[in-house]
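K.L.:
return atomic coordinates for the entry below.
(one chain, ligands or ions: 2)
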Amino acid sequence: AYWPSSSSNTDLLVVENLEVKYAPELPSVINDVSFSLKAGERIGLLGRTGSGKSTLATSLMRFVEPTNGRITIDGIDISTIGVYDLRSKITFIPQDATLFSGTLRENLDPFGDHSDGECTEALRRVRMFADDTPPTQSIRPSRTPSRASSMHSEHFSTATTNIDSKPSISLDAQVSAGGTNFSQGQRQLIAMARALIRRSPIIIFDEATSSIDFETDSIIQATIREEFSGSLLLTDYDRLIILDKGKVEKHIVEFDT
Ligand code: ATP
Ligand code: MG
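P.N.:
Ligands and ions are numbered 1, 2, ... in the order given. The predicted structure is shown next:
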């Protein structure tokens with residue numbers, strides 16, 4: 001059977017009494033955290049810097065292993081699932097999404113499983129194409145001014161309107177190591193496009209809004225709302241979990257957006 005099955009009405013993700021320590025002698029960073037989520041439900045994880053949001057998010061990918069408690073996805077304890085299998089089902093969009101050097105197409109579809117059309121469509125859906133971008137929301141090149149004149153600049157439209165129907169970026173665009181020729185927000189958008197192509201049932205989005213410009217952030221928020229409505233997202237909306245010093249301080253279930 002396909003795992004995880006996203007159709008059922010049962011809990012897709014269950015976190016039970018989770019405790020995470022980065023080293024045995026260090027204090028718990030996540031301390032007795034429990035919650036469960038259904039498929040398609042979107043939860044926000046809020047808390048001060050250092051409260052453990054990223055640690056909780058990365059635990060779901062087994063980048064860190066719990067000291068106590070467990071995480072199950074569709075009834076299966078993730079510690080019993082190979083990390084390759086686990087990470088192929090979950091898309092994690094980290095606060096500082098990195099890309100690898102190569103073409104944009106290779107970054108979107110590393111194993112060449114999808115058509116150019118699917119890749120282009122995903123880029124369009126995250127508004128990385130100028131011809132689909134309202135004039136007020138043009139996607140600009142990396143905010144680092146020196147980058148605008150770099151060798152990659154021909155891949156970007158520098159126009160602020162969408163009169164020109166040429167895409168702002170092509171699948172052949174070169175990506176430098178780490179994706180440094182893209183802004184942090186653009187790297188998150190590209191990671192979101194990759195998630196769209198893979199149709200991941202679980203998407204963990206570690207928001208990095210603080211250092212993202214307003215326009216890109218608006219596009220990210222719109223993409224979350226419009227494109228990921230059927231996926232489990234550890235980000236804004238339906239329900240909030242507020243972490244304080246690694247503990248769940250509050251669950252807010254009734255949350256009007
Ligand atoms: P932010 O809002 O700044 O992203 P956060 O809520 O995501 O913060 P975490 O990054 O999960 O917080 O960090 C929680 C705690 O764990 C902090 O005290 C941090 O110093 C500690 N921590 C995070 N990563 C490690 C690590 N690799 N080794 C040791 N301690 C770590
Ligand atoms: Mg964090």
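K.L.:
hang on, residue 223 in a strand?
P.N.:
No - counting by DSSP: H, G, I helix; E, B strand; the rest coil, residue 223 is not part of a strand but helix.
K.L.:
if I look at it, what pLDDT would I see?
P.N.:
pLDDT for residue 223: 80.
K.L.:
what parts of this protein come near ligand 1?
P.N.:
22, 29, 47, 49, 50, 51, 52, 53, 54, 55, 95 (C-beta under 6 Å from any ligand atom). The way it works is simple: take the backbone N, C-alpha and C, and place the C-beta from them, glycine included.
K.L.:
considering those, which is situated nearest to ligand 2?
P.N.:
Ligand 2 lies nearest to residue 54 out of these, by C-beta to the ion, at 3.1 Å.
K.L.:
contact partners for the residue lying closest to residue 21 once chain neighbours are set aside?
P.N.:
Leaving aside its chain neighbours, residue 21 sits nearest to residue 67 (4.7 Å; criterion: C-beta to C-beta, 6 or more residues apart in numbering). If you count contacts by C-beta atoms under 8 Å, 6 or more residues apart in numbering, residue 67 has them with 19, 20, 21, 28.
K.L.:
now with 7 Å, please.
P.N.:
Residues counted as contacts of residue 67 (C-beta atoms under 7 Å, 6 or more residues apart in numbering) are 19, 20, 21.
K.L.:
top of those residues by number of neighbours, please.
P.N.:
residue 20 (21 neighbours; other C-beta atoms under 10 Å).
K.L.:
so for the closest residue in space to it that isn't next to it in sequence, what's the pLDDT?
P.N.:
Take residue 20 and drop its neighbours on the chain: the residue closest to it by C-beta to C-beta, 6+ apart is residue 30, 3.9 Å away. Confidence at residue 30, expressed as pLDDT, is 93.
K.L.:
just the helices in the stretch 151-257 of the chain please.
P.N.:
For the stretch 151-257 of the chain, the helices defined by DSSP state H, counting those that start in this stretch cover 184-198, 214-227.
K.L.:
tell me which of these lies nearest to ligand 2.
P.N.:
That would be helix 184-198 among the helices of the stretch 151-257 of the chain, by C-beta to the ion, at 13.2 Å.
K.L.:
now for the closest one, which elements pack on it?
P.N.:
Judged by 3 or more C-beta pairs under 7 Å, 6 or more residues apart in numbering; DSSP states H and E, helix 184-198 is in contact with strand 90-93, helix 104-108, helix 116-125, helix 214-227.
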